[in-house]
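> Pasting a predicted model and its sequence here:
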Amino acid sequence: MKGTRIATFALGCLATAALVSAQTAGPAPGESLSQSYRGSQARNVEYQKIAPFKVMDNVYYVGPGSVSVWLVPTSAGLILIDTAQEPYVDTVIDNIRKVGFDPKNIKYILLTHGHLDHFGGATKIKALSGARVALTETDWNFMATQQANAIKNGRGPKPGDEAPAKDMVIKEGDTITLGDTKIKVYVLPGHTPGSPAYEFTAYDNKKPYKAFVFGGPGPRNGVEGGTEFLKSIERLEKDFTDVQVALNVHSYLNSYPYPNDMGILELRDVKAKNPNGPNPFINNALWRQWLKDAHAGAVKYIAEEKAKAQKGQTN
Ligand SMILES: [Zn+2]
């Protein structure tokens, strides 16, 4: 009895400590707010559980602080872009309810690429809603191969981190239509071999704007991935300079941070301070500056990776 009471008291203290640390925790010196979610506070679970917020008439942020989950309500159900991963999937589901929607009405889960932090919640949210899970053929295969290799090496996924079963295959030029909403699909590889990107019309006070989700906004996989990534950036610089609402896959982008420290949470705070002013998420100049930064960064990445490969050969 006494033991139970002590244990309960200890648990209570732990819960309080977690709450206090979430409330008092913040960015480390030199870190921006968005950056803290991927930096000093990356493992602070309570800190990560931020309140959902409205970005546009038909776009809500329902993810944890570190990784975006975008909710796009339509006249015929909900579209979810990415799912985050455990231990945040129930928070995502709750956040959807908090902004006034029923997660059972999700019809499509569009994944931005085959990395766990984006697909981790897909199986659970699909089971809850019956939604179709969409990804490119290349990234479905990439996700399955990564998981198979991990299992072979004795590092299989933790329960809840399994890759979703292959479902809907999307490709360049597809349009996903749900009610009044059309989402166009592009393939812009480099972060993963088949990272898709999504374009749709977002509204602010009923006025239309071009919204864009770039699925893989940083290069991976050495010279090969870097070269593909640079090609994707060049395509964006040619055909997508008119993006007005860049809905990024993380509040802070590790590879090429948002210019002027304007990550998603900074934009959220600017909007909250001046709710009747211009919507800070509508910012074509920020997008174009980011493309410039990403272009220069990709060129540098490829040069560094080439140097590394050469050093490897001469050793
Ligand atoms: Zn990734």
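All right, it came through fine. Numbering: from 1, shown residues only.

> which stretches of the chain form helices?
In the chain, the segments counted as helices under DSSP state H are 2-24, 33-38, 45-48, 89-98, 116-119, 122-129, 137-152, 222-239, 264-273, 284-314.

> Residue 53 pairs with what?
Counting by DSSP bridges, residue 53 forms beta bridges with residue 61.

> mind listing what it touches?
Contact partners of residue 53, counting by C-beta atoms under 8 Å, 6 or more residues apart in numbering, are 60, 61, 99, 268, 272. (C-beta placed from N, C-alpha, C; glycine too.)

> Columns neighbour count and pLDDT on top of those residues, output as a markdown table?
Below are the contacts of residue 53 laid out as a markdown table (neighbours: other C-beta atoms under 10 Å; pLDDT from 0 to 100):
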| residue | neighbour count | pLDDT |
| --- | --- | --- |
| 60 | 23 | 98 |
| 61 | 24 | 98 |
| 99 | 15 | 98 |
| 268 | 21 | 98 |
| 272 | 10 | 97 |
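
> which one of those residues sits closest to residue 119?
Distance to residue 119 across the contacts of residue 53 (C-beta to C-beta) is lowest for residue 61, with 18.1 Å.

> any idea how far the closest one lies from residue 313?
According to C-beta to C-beta, to the nearest Å, residue 61 stands 45 Å off from residue 313.

> How about the contacts made by the residue minimising distance to the centre of the chain?
Per C-alpha atoms, centre = their mean, the C-alpha nearest to the average position across the chain is that of residue 249, at 2.7 Å. Applying C-beta under 8 Å, 6+ apart to residue 249 gives the contacts 67, 68, 82, 112, 113, 118, 213, 214, 215, 216, 217.

> which non-adjacent residue is nearest the last one?
Pointing back at residue 217 there. residue 253 (5.5 Å; C-beta to C-beta, 6 or more residues apart in numbering).

> That neighbour against residue 214, yeah?
No: counting by C-beta atoms under 8 Å, residue 253 does not reach residue 214; the two are 9.7 Å apart.
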